[in-house]
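Chemist: Fold the following for me, if possible:
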Amino acid sequence: MTEQFLCNAMETHGDTVYRLALCRMQNTADAEDVYQDVFLRLLDQRAEDWDGEHTKAWLIRTTLNRCADLHRFRRRRPVLALEDIPELARPADDSAAGLWDAVARLPEKLRTAVHLHYAEGYSTEEIAALLGVPSATVRTRLHRARRQLKDLLGGMDDE
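Modeler: Just a heads-up that it's a prediction; the model follows:
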């Protein structure tokens with residue numbers, strides 16, 4: 001692998017990898033470990049011929065796998081207060097901060113689906129492929145997440 005390819009991948013997709021790791025791990029130190037491990041693993045790949053979308057999908061899949069590995073090997077450490085999370089993990093729009101604070105309180109599977117769909121812009125079919133679950137499962141997770149967010153944020157009952 002060329003050093004230039006790795007630098008480009010880190011510059012282009014590094015924020016995505018870090019935000020996803022932080023979303024899954026809920027801990028900056030673990031998220032940084034995942035970030036580092038993912039890009040070290042990219043060094044071992046013969047990826048110079050990959051297009052941008054293949055590289056991004058590989059990085060997201062590897063990030064999810066590495067997070068699962070860390071969960072298996074470490075008992076979850078206490079979650080950081082949202083005030084301690086770096087600005088990179090927060091939305092640029094302060095008006096949405098309350099929403100993302102509520103998203104951080106969702107169970108991990110729901111939080112991951114919400115992050116990939118709304119923050120990273122993936123379709124339910126793409127998320128299903130990344131997570132290795134049926135598309136219907138992703139849609140169900142998004143529906144449940146929206147319902148829980150409505151309860152957490154005190155939304156009006158539409159029914």
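Chemist: State the helix or strand in which the residue nearest in space to the middle of the chain lies.
Modeler: Nearest residue to the geometric centre of the chain (C-alpha atoms, centre = their mean): L20, 2.2 Å. Element membership of L20, judged by DSSP states H and E, is helix 3-25.
Chemist: I'd like the average pLDDT over that helix.
Modeler: On average, the pLDDT along helix 3-25 is 89.
Chemist: what comes up buried for the helix or strand following that helix?
Modeler: Where DSSP H and E defines the elements, the next helix or strand beyond helix 3-25 is helix 28-43. For helix 28-43, the neighbour count (16 or more other C-beta atoms under 10 Å) marks 28, 30-31, 33-35, 37-39, 42 as buried. C-betas here are computed from N, CA, C, even on glycine.
Chemist: Can you add pLDDT and distance to D101 and give these back as CSV?
Modeler: Shown next, in CSV, are the buried residues of helix 28-43 (pLDDT from 0 to 100; distance: C-beta to C-beta, whole Å):
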residue, pLDDT, distance to D101
T28, 88, 16
D30, 87, 20
A31, 90, 17
D33, 91, 24
V34, 92, 22
Y35, 94, 22
D37, 92, 28
V38, 93, 26
F39, 91, 29
L42, 89, 32
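Chemist: Make JSON lines from the residues you listed and add distance to E108 to it.
Modeler: Formatted as JSON lines, the buried residues of helix 28-43 follow (distance: C-beta to C-beta, whole Å):
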{"residue": "T28", "distance to E108": "17"}
{"residue": "D30", "distance to E108": "13"}
{"residue": "A31", "distance to E108": "13"}
{"residue": "D33", "distance to E108": "17"}
{"residue": "V34", "distance to E108": "14"}
{"residue": "Y35", "distance to E108": "18"}
{"residue": "D37", "distance to E108": "19"}
{"residue": "V38", "distance to E108": "18"}
{"residue": "F39", "distance to E108": "23"}
{"residue": "L42", "distance to E108": "24"}
